[in-house]
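K.L.:
Everything below, folded, please.
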Amino acid sequence: MALTKNDIVTSIHDLGFTKKKSVEIIESLLEIIKGTLEKNENVLISGFGKFCVKQKNKRRGRNPATGDDLMLEERKVVTFKCSGKLRDKINGQ
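P.N.:
Residues are numbered from 1 along each chain as shown. Okay, the predicted model is just below:
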C-alpha cells in the first residue's frame, strides 16, 4: 500500500499540530519542492535522497498498442536517487 499525502498530514497532526496547520505544512513543503524542480534545480534532502531534473533528448519510440514507430520529443523528467543511509535502512543494515 502506498503512503498518501493524507497519511503524511495525519502523521503531522499526530505530533500535535492542528489538521489545518498540518495540511499547510505539507502543502508548503511540496510547493517548495515543485518550485525548485521547475527552476531546473535539484532537491537534496540529507539522509533521504536527491530529486534531479534530467533532460531527455528526442528519440525514436514505438507505440506498444499498435507497434507504429514515432518520435518522442525532448522533455524533462524528475529522477530520484536515495541516500546511502536510506538504502541501508531499506535493506535492514
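K.L.:
Please name the bridge partners of Val78.
P.N.:
Bridge pairing for Val78 (DSSP bridges) gives the partners Val53.
K.L.:
Pretty sure it sits against Leu37.
P.N.:
Yes - contact criterion CB atoms under 8 Å: Val78 and Leu37 qualify, at 5.9 Å. Any C-beta I mention is one placed from the backbone N, CA and C, and that applies to glycine too.
K.L.:
Overlap of the contact sets of these two?
P.N.:
Common neighbours of Val78 and Leu37 (criterion: CB atoms under 8 Å, 6 or more residues apart in numbering): 51, 53.
K.L.:
Those two - which one has more neighbours?
P.N.:
Leu37 (16 against 13; other CB atoms under 10 Å).
K.L.:
Quickly find the element holding the more buried one.
P.N.:
Per DSSP states H and E: Leu37 is located in helix 19-38.
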